[in-house]
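Q: Output the structure for:
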Amino acid sequence: MALQALLVTINKLHTLHRSLLEISRLKTHHLKANDMDSLQKQLLAEKKHVQATAQLEQLRIKQTEIWAAAAGIPVPATVTELLQTITDESAAKQLESELIGLTEAVTELKTQEALNQQLLEQSMQFVQISLDMLAPSISSLNYGTPSQHEQRPQNRSLFDSKA
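A: Numbers count the residues shown, from 1 in each chain. As a prediction, this is how the structure comes out:
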């Protein structure tokens, strides 16, 4: 029974990560289209998904501990250890396929978010270059600082008293 609850939780985690991947792809589309309003909506949806994922992950940890205690084994530290301790073959295969799907979704999500990060960095660089072109700095307004030869000598006054 505890193993079935764990399987349901992992399935929900897999579904949430797939949904997060779709949100990430939409964010990429909105970044490319420069649609900031839609991007803002996607960021809010992403925040809700991340909170739900964190809650499900906590539930998964508790369910793993409950299952391990019921089976009389130490709490497995990794998924591989978890799969090795399951005696029911069909449950183990089902759990393994869900875990593989979850791992693939997380990997795709990381790749997509790396792309979004690169797009944001390039956008920020473009904005900075545009701002620099529109508002040049004070030093670039002058052609250069006068050299020492062109400056008036400091010890000579404007009034020549010997005349």
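
Q: Looking at this structure, which helix is longest?
A: Assignment by DSSP state H gives helix 89-134 as the longest helix of the chain.

Q: starting at the chain centroid, how far to it?
A: For helix 89-134, the separation from the chain centroid amounts to 7 Å (computed by CA atoms, centre = their mean, to the nearest Å).

Q: So which elements touch that helix?
A: Here helix 89-134 touches helix 2-33, helix 79-85, going by 3 or more CB pairs under 8 Å, 6 or more residues apart in numbering; DSSP states H and E. Any C-beta I mention is one placed from the backbone N, CA and C, and that applies to glycine too.

Q: in this protein, which ranges drop under the pLDDT threshold?
A: Applying pLDDT under 70 to the chain flags the ranges 136-163.

Q: So which residue is dead centre in the chain?
A: residue 113 (5.3 Å; CA atoms, centre = their mean).

Q: Look up how far residue 16 lies from the nearest residue to that residue once chain neighbours are set aside.
A: Closest residue to residue 113 apart from its sequence neighbours, by CB to CB, 6 or more residues apart in numbering: residue 24 at 5.7 Å. Using CB to CB, to the nearest Å, residue 24 is found at 13 Å from residue 16.

Q: got it, and residue 43?
A: Taking CB to CB, one finds residue 43 at 16 Å from residue 16.

Q: Compare those two (neighbour count), which wins?
A: More crowded of residue 43 and residue 16, by other CB atoms under 10 Å: residue 16, with 19 against 12.

Q: excluding its backbone neighbours, what's nearest the more buried one?
A: Nearest residue to residue 16 in three dimensions, chain neighbours excluded: residue 53, at 5.1 Å (CB to CB, 6+ apart).

Q: okay, now the nearest residue to residue 119 once chain neighbours are set aside: neighbour count?
A: Spatial nearest neighbour of residue 119, excluding adjacent residues (CB to CB, 6+ apart): residue 31 at 4.7 Å. Per other CB under 10 Å, the neighbour tally for residue 31 reads 20.

Q: my guess is residue 31 meets residue 39, correct?
A: Yes. Applying CB atoms under 8 Å, one finds residue 31 in contact with residue 39, separated by 6.5 Å.

Q: how far away is residue 128 from residue 135?
A: To residue 135, residue 128 is 11 Å away according to CB to CB.
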